[in-house]
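In: Would you be able to build a 3D model of this:
(one chain, ligands or ions: 1)
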Amino acid sequence: MKQLKLHEIRNGEETPLVVMKNVSKEFRSKDFTTQALDSINCEIYQNEIVAIMGTSGSGKSTLLNILAALDKPTHGELTFHGVPMIEQFQEPTSSEFRRQNIGFIFQNFSLLDELTVSDNVAMPLILLNEDTKKITQKVTDVLAKLSIADLAKKKPTELSGGQKQRVAIARAIIANPQLLLADEPTGALDVNTTNDILTTLVQLKKLSNQTIILVTHDPHVSTYADRVLFFHKGKLVDEYINQEHSDNLTMIFDKFKNIQRSYLHV
Ligand SMILES: Nc1ncnc2c1ncn2[C@@H]1O[C@H](COP(=O)(O)OP(=O)(O)OP(=O)(O)O)[C@@H](O)[C@H]1O
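Out: The predicted model follows:
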């Protein structure tokens, strides 16, 4: 399969938010080495939604972990906003980097059941030691933005899956992160709720210039992205740019099927 060249989606007019150059990650144990990522070259631009698709074990989670500085690449270089990521892979800078720059959304929502919706959403700002009055105002604003103001006093156990994911999105964006990382954000939701959550993410991009990287197994989910990156055995093997007036779903489905086919036969 062909290895991609760097794709300059915006003709180099803009500094990418993230640049990865020959990023590799090996997990070594006593007996063997797993090449989780193999020489990834990629740029993520501000204000784009990028979907990451790939076969099981292709390195998607490893990639998210490296982007969030939860894991350090074995080789290669990353820059974030043009600044090389070096100390960001070491504590305490690593935690600080995440608090300042990264928002997370998970398939299982990862809300704290004993806290109210408001308190869950406030958590990133509490960790940033923000002033209590400011936190209250920001929580009010973000709940209104996501149309869940009426849920403020409820506990996560009282919410539907879609409502929980809206709360999780509110928590993820309250500190204005540069980058939102979403790991199968609609994996636990039905089709209508999936569309509703994806529309919300697209709105965040349009209204707040939010950059979003989401991992998904679902070609339908990928149609909401601007670009789809396909991973296989740790390599970035293909790319698709969603176009208006195109059958994006069929294109993405076919590309993913080709990769899965080669997975089964190699
Ligand atoms: N901490 C670790 N130690 C050893 N090997 C690991 C570790 N984390 C991941 N791997 C291996 O690295 C490879 C990539 O894993 P990764 O979890 O990134 O894949 P994935 O594409 O997210 O898979 P899935 O879709 O099944 O979640 C796999 O072979 C996996 O077994």
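In: tell me the contacts of the residue nearest in space to the middle of the chain?
Out: With distances taken as C-alpha atoms, centre = their mean, Leu181 lies nearest the centre of the chain, 2.2 Å away. Contacts of Leu181 were listed using C-beta atoms under 8 Å, 6 or more residues apart in numbering, and they are 64, 67-68, 102-105, 212-214. No exception for glycine: its C-beta is placed from N, CA and C like everyone else's.
In: For the ligand, state which of these is nearest.
Out: The shortest gap between the ligand and any of these belongs to Leu64, at 7.9 Å (C-beta to the nearest ligand atom).
In: Name the nearest residue to the closest one, sequence neighbours excluded.
Out: Sequence neighbours aside, Leu181 is the residue nearest to Leu64 in space, at 5.2 Å (criterion: C-beta to C-beta, 6 or more residues apart in numbering).
In: Looking only at stretch 250-266, what residues are buried by neighbour count?
Out: Using 16 or more other C-beta atoms under 10 Å as the test for burial, stretch 250-266 gives 251-253, 255-256, 259.
In: and it, anywhere near the ligand?
Out: No: Stretch 250-266 does not reach the ligand (C-beta under 6 Å from any ligand atom); its nearest approach is 11.2 Å.
In: mean confidence for that stretch?
Out: In this model, stretch 250-266 carries a mean pLDDT of 82.
In: ok, residues contacting that stretch?
Out: Applying C-beta under 8 Å, 6+ apart, the contact partners of stretch 250-266 are 1, 53-55, 219, 222-223, 228, 230, 232-233, 237-238, 240, 242.
In: Now with 6 Å, please.
Out: 53, 55, 219, 222, 228, 230, 232, 238, 240 (C-beta atoms under 6 Å, 6 or more residues apart in numbering).
In: His75: which of those is nearest?
Out: Checking the contacts of stretch 250-266 against His75 by C-beta to C-beta gives His232 as the nearest, at 19.1 Å.
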